[in-house]
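K.L.:
kindly generate the corresponding structure for this input.
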Amino acid sequence: MSKVNFNNVDLKISNAEFQLRISNIKDRMIKAGIDLLVLAGDEFNQGYVRYVSDYRPILEHALVLITANEDPILLCGPECKTLAIQTAKIKNIKVCSDVAIPGEEYPNEKMYSFKDILKEIKSKNKLNKIGVVDLNFIPNFLLKNILNICGDKEIVNSSNILNELRAIKSMDEIGIIKRAYEMAIAGSERGLKNLSIGKSETEIAGEMSYPMWKMGAEQMSHCFMVASGKNTSPALSFPSGSKLIDDGDLVLLGIGAVYKGYFSDISTTKIVGKRSRGKEKLLDVAWKAREAAISKIKPGIKGKEIDLAAREITSRAGFGKNHVYGVCHGVGLQHCEYPFFGPTSEIVVKEGMIFTVDVGLFNFDFGGVRLEDGIIVTGSGYEVFRIDSENKY
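P.N.:
The predicted structure is shown next:
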């Protein structure tokens, strides 16, 4: 298992790479017979929009409209107009009333309706097939506009076009994600250093956040998971200011940073104070399952083989029903993104993929555990990001 080396060089995605992304998307659109591609995003689901524009909306929605023969159009709301102009790689920007904050008034802003923008595109392009990314995510009021203008046309979910492109990271993307993991590891190490009986979960969360902000994180990847005792039993939880760490508690730390739009995601679980054999066994099994999954990683293997390597160990230990989700999820412009590897996944692992190996065993009366590493797939195997690899408990 090789370790990742970090550096202090400022990192970014080049303009040429953004242009290449648009070109690759258009090529795939033509092959799929798609005349218009609609990408949707918001503050919490920024991945698709940011992949092509580097624009991250705040409070408002955002859309990118791509046709085969014209430059893409970015639709933003009025409050994010200046932000879009300053940051977006797409320069054809329209302020759209439909993606503005509902109920707010903007008397000094010239805005266009999504319906009128679609009508203009339709007047210049033959639209027989429209792809939406993601059809399961796009807000209903925007989908209604597409149906009103283009309802007689074929409308399909085209997430696969971007998912497959986003799954293979460029060298620049890999460098940025490494930096995001460096931040997460630094925060986690500070959290572990401050673990002690009598401290609250939120106190530990606060300790973890400081190094990440100081190192240049633009946001946290998700609400930090700091859970102790029975609060570790759910697979997902929020830290509590009233729950103090007790002697013998399992304490779960889940953390991630966002740097230049790219996420990291990493977790560990420790026993604070007196150890019990039951809790040690749970960590032993999770540790072995994680190592078994990681040992399978190489280009060409199917995702299910990674998951089943871990699941065989957890099931043999009697924890099969407590192993509640697939072992791997992608990491990039979202905290959780394609690919997802569960026990039936036929997705083939490829060089340049970045995903987590995340073994979680939950829903015990006394708590649960999560061990989660970040993985970069290389030509011969993998690189790993891990918290405190030497101390199991």
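K.L.:
any weak-confidence spans in the stretch 1-150 of the chain?
P.N.:
Across the stretch 1-150 of the chain, the stretches falling below the confidence threshold (pLDDT under 70) are 1-9.
K.L.:
so where does residue 206 fall, helix or strand?
P.N.:
Assignment of secondary structure by DSSP states H and E places residue 206 within helix 201-214.
K.L.:
so which elements touch the lengthiest helix in the chain?
P.N.:
Ranked by residue count under DSSP state H, the longest helix found in the chain is helix 171-193. Applying 3 or more C-beta pairs under 8 Å, 6 or more residues apart in numbering; DSSP states H and E, we find helix 171-193 packed against helix 201-214, strand 249-255, strand 257-259, strand 262-263, strand 266-272, strand 367-377, strand 382-385. For glycine as for every other residue, the C-beta is placed from the backbone atoms N, C-alpha and C.
K.L.:
at 7 Å what do you get?
P.N.:
Taking 3 or more C-beta pairs under 7 Å, 6 or more residues apart in numbering; DSSP states H and E as contact, the helices and strands that helix 171-193 lies on are helix 201-214, strand 249-255, strand 257-259, strand 262-263, strand 266-272.
K.L.:
about what we covered before: list the buried residues for the helix holding residue 206?
P.N.:
Along helix 201-214, the positions that meet the burial threshold by neighbour count (16 or more other C-beta atoms under 10 Å) are 201-209, 211-212.
K.L.:
those into CSV, with extra columns for pLDDT and distance to residue 295?
P.N.:
Listed next are these as CSV, based on pLDDT from 0 to 100; distance: C-beta to C-beta, whole Å:
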residue, pLDDT, distance to residue 295
201, 97, 33
202, 97, 37
203, 96, 37
204, 97, 31
205, 96, 32
206, 95, 36
207, 95, 33
208, 95, 29
209, 95, 33
211, 95, 31
212, 95, 30
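K.L.:
skipping adjacent residues, who's closest to residue 344 in space?
P.N.:
Beyond its immediate neighbours in the sequence, the residue positioned closest to residue 344 (C-beta to C-beta, 6 or more residues apart in numbering) is residue 304, lying 5.8 Å away.
K.L.:
and the one you found, its phi and psi?
P.N.:
phi -60, psi -30 (degrees, to the nearest 10).
K.L.:
and the longest helix of the chain, what's buried?
P.N.:
Neighbour-count burial for helix 171-193 [16+ other C-beta under 10 Å]: 172-192.
K.L.:
ok, and what's touching it?
P.N.:
If you take C-beta atoms under 7 Å, 6 or more residues apart in numbering as the criterion, helix 171-193 is touched by 4, 6, 11, 13-14, 17, 169, 204, 207-212, 215, 217, 253, 255-260, 262-264, 266, 268, 270, 331-332, 354, 374, 376, 385, 387-388.
K.L.:
what's the angle between it and strand 266-272?
P.N.:
Taking axes from the mean of the first three to the mean of the last three C-alpha atoms, to 10 degrees, helix 171-193 and strand 266-272 form an angle of 10 degrees between their directions.
K.L.:
can you offset everything so residue one is 40?
P.N.:
I'll keep to 40 as the first residue from here, and by that count the last item is helix 210-232.
K.L.:
export helix 210-232 to PDB, keeping only CA atoms.
P.N.:
As requested, the backbone C-alpha atoms of helix 210-232 are provided in PDB (Å, rounded to 0.1, in the frame of the first residue of the first chain):
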ATOM      1  CA  MET A 210      -3.900  14.600 -13.500                       C
ATOM      2  CA  ASP A 211      -5.000  18.100 -12.500                       C
ATOM      3  CA  GLU A 212      -8.200  16.700 -10.800                       C
ATOM      4  CA  ILE A 213      -6.100  14.100  -9.000                       C
ATOM      5  CA  GLY A 214      -3.800  16.700  -7.700                       C
ATOM      6  CA  ILE A 215      -6.600  18.800  -6.400                       C
ATOM      7  CA  ILE A 216      -8.400  15.800  -4.700                       C
ATOM      8  CA  LYS A 217      -5.100  14.800  -3.100                       C
ATOM      9  CA  ARG A 218      -5.000  18.300  -1.600                       C
ATOM     10  CA  ALA A 219      -8.600  17.900  -0.400                       C
ATOM     11  CA  TYR A 220      -7.600  14.700   1.300                       C
ATOM     12  CA  GLU A 221      -4.600  16.300   2.900                       C
ATOM     13  CA  MET A 222      -6.900  18.800   4.500                       C
ATOM     14  CA  ALA A 223      -9.300  16.000   5.700                       C
ATOM     15  CA  ILE A 224      -6.500  14.000   7.200                       C
ATOM     16  CA  ALA A 225      -5.100  17.000   9.000                       C
ATOM     17  CA  GLY A 226      -8.600  17.700  10.500                       C
ATOM     18  CA  SER A 227      -9.100  14.100  11.500                       C
ATOM     19  CA  GLU A 228      -5.700  13.900  13.200                       C
ATOM     20  CA  ARG A 229      -6.600  17.000  15.200                       C
ATOM     21  CA  GLY A 230      -9.900  15.400  16.100                       C
ATOM     22  CA  LEU A 231      -8.200  12.200  17.200                       C
ATOM     23  CA  LYS A 232      -5.600  14.100  19.300                       C
END
